[in-house]
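*Asks:* Okay, here's the prediction I keep looking at, along with the sequence it came from:
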Amino acid sequence: MGTALIYDEEMTKYKLLWVDPACKIEVPERLTVSYEALKNSGLADRCVSVPVREATDEDILLVHSEEYLEAVKKTPYMTLEDLKEFTLQYGDVYFHPNIYHCAKLAAGASLQLVDSVMTGKVRNGMALVRPPGHHSMRSAASGFCVFNNVAIAAQYAKLKHGVKRVLIVDWDVHHGQGVQYSFEDDPGVLYFSWHRYEHQKFWPQLRESDYDNVGKEKGEGFNINVPWNKVGMKNSDYLSVFCHMLLPVAYEFNPDLVLVCAGFDSAIGDPEGEMCASPDIFAHLTHLLMNLAGGKVCAVLEGGYNLTSLPQSVCQTVHTLLGDPAPRPANLDGPCESALESLHCSRSAHRKYWSCLKHAAEHPSSDVSTKRLKLAEEEEKVENGEEKEKAEEEVWPEPPKRVTAPVRTALVLPDGVSCPDRCKLFSSSKDPVIVNKLRENFPRDAADSDALTTLSSLVALVEKMEKNEICNGLALVQDVSMAMTCVVQHAAIALSNRVLVVCVGDVLVPAHYKEDGTILLVHFSNKEEEQKSKYHIPVCLKKGCSDVSGFMQAVLGLLLPLGYEYDPSLVLLARTPDSGLCDGAWQQLTGLLQGLAQGHTLVLLQEGERAYVGPTASSLLGEAAPSVGKIKAPLLEDVESMEGLRTRLQVDWKLLQTTAPETG
Ligand SMILES: NCCCNCCCCCC(=O)CS
Ligand SMILES: [Zn+2]
């Protein structure tokens, strides 16, 4: 299934008609440069173009009051003076004779997107709209927003499509207070937002944007705020919050639909956000959401005011929605102290609502460190009195080209096993060089020519992945450990880079592998093993991988951060029949890991598990994994052992941190 793109140039036909410094950044060019970038990169033509429509009164009244709608209806007939007068009653927003029409199109576009996804016409999609929506409230326009596009879409999805649980992810750099107000008492809508806050000094300067605003009444726990109390947040800060806050809760919430308030003023160069995250981070943020809700993800444009990073970020998002592997994450050097403080506070505030956070560190300690941090920040501000260079002058590298490999998924299968469609059956030419090298290394198997054939095919396949001629692969082999050793040996030698090896079940670990960082081995099993070194990490789960909640929390809170920080060039995923891992969790794992190594994932399955060939292939082809259902509380001893592991490992692996280091 495809990706919808919803855009209409009518939404460029309104602009600021008077002088207002707070609003001058919200210009029609935001939409034209974004759409042009999608056209010029060929991405628009790969999408399913879905037309906009005007939201009806009924649609708009799902969120807004009649008096507000009636008032806005009058604006097309107002004189310039009346428009100015009308605007004065709201904050940081402007009206224009055509903005009501465009606001109906922006909301209608969001509903068209929801219809396209919920009816299965497409798998996911993006609506390029203006005016944005997440600040507008029941009876008030705010922050360039007139109607709350995403809030209306959420209510519409529940009403028209019977959606029970909607996850709204707001990665815009501002707090979507309008969305928060709409759903703070609604357990059917989980609203997550990070936002520039600076201890309530940054617009809209609301006390209720802080981390302790967790929702009300039945909606308690279903509103997550992560305030950024400093500018300059980077890719590591964003990924940490996704891995340690949003994703664990999102998987526990188990939504039927994901809506994204896709604002790109959280990208580098934006005058509003003043953050430092690079545009390609949105490829990863999008990827990390695409195995939720069976892949039903609707991204709706909110903010984004730098006319260079905005189109780049939009393209990164659409690339990923189309299934293209994400570029390798640029140097992740760990979250900053302020981000860790915010993460810690948000996790603590939600401890009692979400079992995945039940063991998050206590709250009180952070009060002390918050004061300490505030002092430090005050001093810092005093010290570097010099004017921060303007966001506009920031420079950053163009996001890397995301070339899709000619072949997406190649399979090495023994005779008689049918190859799922859309996969390419792969067997190497009997390259004598490879075969001889293998003979040397595996004398005992030299006799067994089948094994040699398989192993030489594997080596050839890895080489093709390295050259990006093939994106990912799957092999059904007699002996997974043997095959893994062979690939590891070859990869460590041939690949200039790093191999992440993920073992599920009791795979025999390649005995001789080196400790030089070319391999990072993460081994999920139910066997107690003490951790050998920084690069050999046994994750022991009491019930092995059969406990889905423990396994998923380990994947989200341990494996993903490790994988992103390690930034491998190849991911080797091996499972043995005794793993006990259920299909859904296995496909979630295979799906999530494709965010690494530009999607170069090689899966090794034991001969006897040919039933997994189909489901694994569909995940490797980019199909969204089935949901694993509402995951419950992990076993206490598993949580404790994972917390212990995280505490030991975070010295070496910064992305595992969830709280600011207690210093002094
Ligand atoms: N530059 C610092 C002053 C803050 N101005 C706030 C203007 C409203 C922003 C709303 C917005 O971006 C929607 S996503
Ligand atoms: Zn914004």
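*Replies:* Sure, I can see it. Ligands and ions are numbered 1, 2, ... in the order given.

*Asks:* Contact partners for the residue of the stretch 151-300 of the chain found nearest ligand 1?
*Replies:* Per CB to the nearest ligand atom, the residue of the stretch 151-300 of the chain with the smallest distance to ligand 1 is residue 203, at 3.8 Å. To be clear about C-beta, it is placed using only N, CA and C from the backbone, and glycine gets the same treatment. In this structure, residue 203 makes contact with 92, 143, 174, judged by CB atoms under 8 Å, 6 or more residues apart in numbering.

*Asks:* Considering those residues, which possesses the most neighbours?
*Replies:* Most neighbours among these, by other CB atoms under 10 Å: residue 174, with 30 neighbours.

*Asks:* Run a quick neighbour tally on the residue nearest to it when sequence neighbours are not counted.
*Replies:* In space, and not counting its chain neighbours, residue 174 is closest to residue 195: 5.4 Å by CB to CB, 6 or more residues apart in numbering. By other CB under 10 Å, 24 other residues sit near residue 195.

*Asks:* which ones are touching residue 195?
*Replies:* Contact partners of residue 195, counting by CB under 8 Å, 6+ apart, are 170, 172-176, 202, 209, 225-228.

*Asks:* what's the answer for residue 31, then?
*Replies:* Under the criterion of CB under 8 Å, 6+ apart, the contact partners of residue 31 comprise 7, 9, 11-12, 128-130, 301.

*Asks:* most surrounded residue in these?
*Replies:* Neighbour counts for the contacts of residue 31 were taken using other CB under 10 Å; the highest belongs to residue 301, which has 31 neighbours.

*Asks:* What's the separation between that one and residue 581?
*Replies:* With distances taken as CB to CB, to the nearest Å, residue 301 is found 38 Å from residue 581.

*Asks:* and what of residue 491?
*Replies:* 24 Å.

*Asks:* Same question for residue 94.
*Replies:* Using CB to CB, residue 94 is found at 54 Å from residue 581.

*Asks:* same thing with residue 431?
*Replies:* If you measure residue 431 against residue 581 using CB to CB, the figure is 34 Å.

*Asks:* of all of the protein, which residue lies closest to ligand 2?
*Replies:* In the chain, the residue found nearest to ligand 2 is residue 303; the distance is 2.8 Å by CB to the ion.

*Asks:* quick one, what contacts that residue?
*Replies:* If you count contacts by CB under 8 Å, 6+ apart, residue 303 has them with 132, 144, 172-174, 263-265, 270, 272.

*Asks:* now those residues in JSON lines, with secondary structure, distance to residue 354 and pLDDT?
*Replies:* JSON lines is the format used below for the contacts of residue 303 (DSSP: H, G, I helix; E, B strand; the rest coil; distance: CB to CB, whole Å; pLDDT from 0 to 100):
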{"residue": "132", "secondary structure": "coil", "distance to residue 354": "29", "pLDDT": "98"}
{"residue": "144", "secondary structure": "coil", "distance to residue 354": "33", "pLDDT": "98"}
{"residue": "172", "secondary structure": "coil", "distance to residue 354": "23", "pLDDT": "98"}
{"residue": "173", "secondary structure": "coil", "distance to residue 354": "25", "pLDDT": "98"}
{"residue": "174", "secondary structure": "coil", "distance to residue 354": "25", "pLDDT": "98"}
{"residue": "263", "secondary structure": "coil", "distance to residue 354": "25", "pLDDT": "98"}
{"residue": "264", "secondary structure": "coil", "distance to residue 354": "28", "pLDDT": "98"}
{"residue": "265", "secondary structure": "coil", "distance to residue 354": "28", "pLDDT": "98"}
{"residue": "270", "secondary structure": "coil", "distance to residue 354": "31", "pLDDT": "98"}
{"residue": "272", "secondary structure": "coil", "distance to residue 354": "30", "pLDDT": "98"}
